[in-house]
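S.K.: build the 3D model from these lines:
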Amino acid sequence: MGLADISDPAAVRKSIEEFGRIGREAFLEKYGIGGARRYVVVEDGREYDAKAILGAAHSYQFGEPLKRDDFGSGLRSTVPKLRGLGFTVEERSSGRSAFIFQANPKYYDIAGAVRSLAEMNMSVSQSRNQIHAGDRVYIWQSGPDGGVIAVGTILTDPALLPSQEDEQFVVDSERFSGEQLRVRVSVDRVLESPIGRATLQQDPRLEGLGILTFPNATNYKLSDEEAEVLQELTNSPSVAALEERVHEWRQETGYPAERDDERRNQGRRLAECFSEANLDDVIADPERFKILDFGHLAHNWYGGPGPQSVVHKHLNEGPEAKRRLAQALRHLLYDEGEVADRLDDVLLKESWRMPGFGEALATKALAVVYPERWLPLYQYSGEMGKLRLMESPELALAAPADIEERTIGRRIESTNDLLRGTMESLLPGDPWGQMVFLYWLRERQVEAPPASGLGELAEELLVEPVWLEGVVALLEEKRQVIFQGPPGTGKTFVARRLGRYFEELGGKSETVQFHPSYAYEDFVEGYRPRVVGGQPGFELVEGPLKRLALDAEADPDHKYLLIIDEINRGNLAKVFGELYFLLEYRGDRIRLQYTETGADGEDGGRFGLPANLWIVATMNTADRSIALMDAALRRRFYFVDYYPDRAPVEGLLERWLQRHQLTRFEWAAEALREANRRLEDRDAAIGPSHIMLADPRALSEERIERVWRHAILPYLSERLIGEPGRLEEFELANLRAASGG
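M.R.: This next block holds a predicted model:
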């Protein structure tokens, strides 16, 4: 049990009570925690050392106190934990010092380093006896446009340390080579905009600030007043905003749920399987490959890395493939050298690379074995990849300018470190929770198609933009909707036009129509007779759903739309089968009923519905011969009404007539409205598309009368069975006279 496991506010309360009862010195001596007081819990006007309180609270909850080494930076661990438990935490400036450390971009890319690294070494050339662990540091980039670019915490006292690490940021290697006096610094916060000289010179309290009066040195010690001013200037609202979002996320999702605990346990079990000893055993004897439990790594334990059929197929080739995979994993996870270089080795170098063992599996292996460093985010790019997650406005994270010029290993590493550095202060020691929150945050900010494009489409369809934006928002949230209403209201037309719209943006759409004989084998996958090797046989053929899902999964940056026309005309339980589960649990993967097993009996072809695959179905409410949808499927869809007396259908015919300068036929719209009023059945109402011809120039009174006589009246006669005398009141001439047309 550690800091992250403290969950009982009563334990914290007992610690505070004991602190007040026995006094600060006795309390610190009892629990073995030093007297650093950067953050304090404030209760009834009194202050209590935050780390000491949490260390003792751990003892009250679990029977053993925490020690100094169990804590990281207070901003990244102590503060969010106490605030998350409902306590007020404030920062004190007394009892510790503050410094400005300067770096020259001619010699070291300090801007790139603070954006990429959670911790870094910095040189000490003066004030060595005054600098101590726990002091605050303001990181200054020199130059004409320089200023404070980040705020951090000094983690160690000055000591002789070897050559500067993170060589990718070193411009002048001679200046940083060899053993030098350095400190370890935690980069707590990167400022959105530097605070430069001009800003500092405007404050009279900073007129003696060393960096302004003697700009060619570093390690400037700040007075208490100067430190207070710098703290005011650098206090970013983004931290508080993120804390609010984390609170909102917890309230909305109830995190952590039982499923989250299960996922964390899965990660721990996988870490045991992929120990160095197990990998060595498999390298020596590939027949022991099962001890790695690779099937669960390649599937949904501790998060899914996507389809891995290629690697499973390769593993089926024999023991040498299994040995090669174990060798690649051992090199990645346990060999010496920088992890980014080892990532490049297994992903790019022929001597290490194995077919199918790509970025997602390599990153997942690191996240499993090193959860203290790696987030369970297994893609660098794509709609929900690390690079895209960083774009959330609350995070205020900018990728290094040269990110795309770096190797894939360094891209993966730097984006992981930036996200982890931000999230660790909010959810300390909980990489799974950090991942879940980042996905939650991104899903609420996933860009809808460009507003201007939707506006143009809404104008083309003669609907309000806000209505169309609402439909897209429903798809963003639920992934599948049903347009329901009587015939002739434009359900299929709008669905298909929406599909073409996403095609224009780079995606894809496909339309299928359900009917009583349509089956699972038609929709998902099934065996079809084929000539195989000159002999009659059967071949597994993918249906439209699986084809489109696989295409969407391979192209996560675009939307893919499957349109199901007349969804309620099919036997839905038979057509959807196990997809009932996937419709509700997007992101999970299951084995389809015809899918073959992979290596060592593990499922090598589990299937899922990607988030960028959307489904729009249409349902005719007027067909009495069709059974209602069962509740299980109904709750997996959002429903959008298409009725002539409400948007988007209400007034549609009038708008169409006005667009095509056919207002002389507005009497037809009035007659249609009167017919629906007399019918008194919204589910069977008459839709306007009967009159909205593909060629508006062909519309005439004769054409309207012909449509009414041979399409609308036969439809109404079916609705009015048992009421033969009523059909006459729906004659066009009677309706036209009643409506004043």
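S.K.: the helix or strand of the chain with the lowest mean pLDDT: what's the following helix or strand?
M.R.: Every helix and strand of the chain was ranked by mean pLDDT, DSSP states H and E. The lowest is strand 89-91, at a mean of 73. Using DSSP states H and E, the helix or strand that follows strand 89-91 towards the C-terminus is strand 98-103.
S.K.: so which elements touch that following strand?
M.R.: On a contact count with 3 or more Cβ pairs under 8 Å, 6 or more residues apart in numbering; DSSP states H and E, strand 98-103 meets strand 136-141, helix 210-213, strand 220-221, helix 224-234. For glycine as for every other residue, the C-beta is placed from the backbone atoms N, C-alpha and C.
S.K.: out of these, which one sits most buried?
M.R.: Each of these was assessed for mean neighbour count using mean count of other Cβ atoms under 10 Å. The highest is strand 136-141, with a mean of 24.
S.K.: partners of it, with directions?
M.R.: strand 98-103 (parallel), strand 147-154 (antiparallel) (DSSP bridges).
S.K.: any chance of JSON lines for the ones you listed, columns mean neighbour count, mean pLDDT and distance to Gly196?
M.R.: Listed next are these as JSON lines, based on neighbours: other Cβ atoms under 10 Å; pLDDT from 0 to 100; distance: least, Cβ to Cβ, whole Å:
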{"stretch": "strand 98-103", "mean neighbour count": "23", "mean pLDDT": "94", "distance to Gly196": "13"}
{"stretch": "strand 147-154", "mean neighbour count": "23", "mean pLDDT": "89", "distance to Gly196": "3"}
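S.K.: which among these is found nearest to Glu244?
M.R.: Smallest distance to Glu244 across these (Cβ to Cβ): 20.3 Å, for strand 147-154.
S.K.: and the spatially most central residue of the chain, what is it in contact with?
M.R.: Nearest residue to the geometric centre of the chain (Cα atoms, centre = their mean): Tyr439, 2.6 Å. Counting by Cβ atoms under 8 Å, 6 or more residues apart in numbering, Tyr439 touches Met384, Leu389.
S.K.: is it true that it lies in a strand?
M.R.: No: checked against DSSP: H, G, I helix; E, B strand; the rest coil, Tyr439 lies outside a strand; its state is helix.
S.K.: what's the spacing between it and Met120?
M.R.: 28 Å (Cβ to Cβ, to the nearest Å).
S.K.: how about the helices of the stretch 501-650 of the chain, start to end?
M.R.: 520-523, 544-553, 572-576, 579-584, 631-634 (DSSP state H, counting those that start in this stretch).
S.K.: which residues are in contact with the longest one?
M.R.: By Cβ under 8 Å, 6+ apart, the list of residues contacting helix 544-553 from outside reads 306-307, 507-508, 510, 512, 523-525, 542, 558, 560, 562, 579, 592, 607-610, 612-613.
S.K.: try it again at 10 Å.
M.R.: The set of residues external to helix 544-553 that reach it, using Cβ atoms under 10 Å, 6 or more residues apart in numbering, is 306-307, 382, 507-512, 520, 522-525, 541-542, 558-564, 575-576, 579, 582, 592, 607-615.
S.K.: which of those count as buried?
M.R.: 306-307, 382, 507-509, 512, 520, 522-525, 559-564, 575-576, 579, 582, 592, 607-615 (16 or more other Cβ atoms under 10 Å).
S.K.: got the contact list for the nearest residue to Gly86 once chain neighbours are set aside?
M.R.: If the residues on either side of it in the chain are set aside, Gly86 comes closest to Pro9, at 5.7 Å by Cβ to Cβ, 6 or more residues apart in numbering. By Cβ under 10 Å, 6+ apart, the contact list for Pro9 reads Ala57, Leu82, Gly84, Leu85, Gly86, Phe87.
S.K.: just put those in a markdown table and tack on distance to Ala622 and neighbour count.
M.R.: Formatted as a markdown table, the contacts of Pro9 follow (distance: Cβ to Cβ, whole Å; neighbours: other Cβ atoms under 10 Å):
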| residue | distance to Ala622 | neighbour count |
| --- | --- | --- |
| Ala57 | 64 | 29 |
| Leu82 | 61 | 24 |
| Gly84 | 54 | 18 |
| Leu85 | 57 | 17 |
| Gly86 | 56 | 9 |
| Phe87 | 61 | 20 |
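S.K.: quick one: least confident of the residues you listed?
M.R.: Lowest pLDDT of these: Gly84, 79.
S.K.: contacting residues around that one?
M.R.: Gly84 touches Ile6, Ser7, Pro9, Glu243, Val246, His247, Arg250, Leu426, Leu427, Pro428, counting by Cβ under 10 Å, 6+ apart.
S.K.: quick one, what contacts the residue in the chain sticking out farthest from the centre?
M.R.: Taking Cα atoms, centre = their mean, the residue of the chain most remote from its mean C-alpha position is Gly725, at 60.6 Å. Residues near Gly725 by Cβ under 10 Å, 6+ apart: none.
S.K.: shouldn't Arg573 be in contact with Ala631?
M.R.: Wrong residue type there; residue 573 is Ala, not Arg. No: taking Cβ atoms under 10 Å as the definition, Ala573 is not a contact partner of Ala631, at 11.8 Å.
S.K.: who's more crowded, the two?
M.R.: Neighbours were tallied for Ala573 and for Ala631 using other Cβ atoms under 10 Å; the higher tally belongs to Ala573 (12 against 8).
S.K.: quick one: the more buried one and Asp341, what's the gap?
M.R.: 53 Å.
S.K.: in helices, which of the contacts of Pro9 fall?
M.R.: Ala57, Leu82, Gly84 (DSSP state H).
S.K.: thinking again about what came up before, mind putting the strands paired with strand 136-141 into CSV with distance to Lys290?
M.R.: Putting the strands paired with strand 136-141 into CSV (distance: least, Cβ to Cβ, whole Å) gives the following:
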stretch, distance to Lys290
strand 98-103, 51
strand 147-154, 46
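S.K.: what segments of the stretch 301-450 of the chain are helices?
M.R.: Counting by DSSP H, counting those that start in this stretch, the helices of the stretch 301-450 of the chain are 309-315, 319-334, 339-348, 359-369, 386-389, 408-423, 431-443.
S.K.: rewinding a little: so which of the contacts of Pro9 comes closest to Ala328?
M.R.: Gly84 (39.4 Å).
S.K.: could you measure that closest one against Glu17, distance?
M.R.: Counting by Cβ to Cβ - Gly84 and Glu17 are separated by 20 Å.
S.K.: just checking, what's the longest strand in this structure?
M.R.: strand 180-196 (DSSP state E).
S.K.: taking strand 98-103 as reference, get the angle to it.
M.R.: Note on geometry: by axes from the mean of the first three to the mean of the last three Cα atoms, to 10 degrees, strand 180-196 and strand 98-103 are set 100 degrees apart in direction.
S.K.: any idea of the mean pLDDT for strand 180-196?
M.R.: Strand 180-196 comes out at a mean pLDDT of 85.
S.K.: what do you get for stretch 377-392?
M.R.: According to the model, stretch 377-392 has a mean pLDDT of 84.
S.K.: look at Thr415 and report its pLDDT.
M.R.: Reported pLDDT for Thr415: 90.
S.K.: tally of neighbours for it?
M.R.: If we define neighbours as other Cβ under 10 Å, then Thr415 has 25 of them.
S.K.: dump the helix or strand containing Ala10 to CSV, keeping only the CA atoms.
M.R.: Here Ala10 sits within helix 9-22, counting by DSSP H and E. In CSV, the C-alpha atoms belonging to helix 9-22 read as follows (Å, rounded to 0.1, in the frame of the first residue of the first chain):
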residue,chain,number,x,y,z
PRO,A,9,-10.9,11.1,5.1
ALA,A,10,-11.4,9.9,8.7
ALA,A,11,-7.8,8.7,8.7
VAL,A,12,-6.6,12.1,7.7
ARG,A,13,-8.8,13.7,10.3
LYS,A,14,-7.3,11.5,13.0
SER,A,15,-3.8,12.5,11.9
ILE,A,16,-4.7,16.2,12.2
GLU,A,17,-6.2,15.6,15.7
GLU,A,18,-3.0,13.8,16.8
PHE,A,19,-0.8,16.5,15.3
GLY,A,20,-2.7,19.1,17.3
ARG,A,21,-2.7,17.0,20.5
ILE,A,22,1.1,16.1,20.7
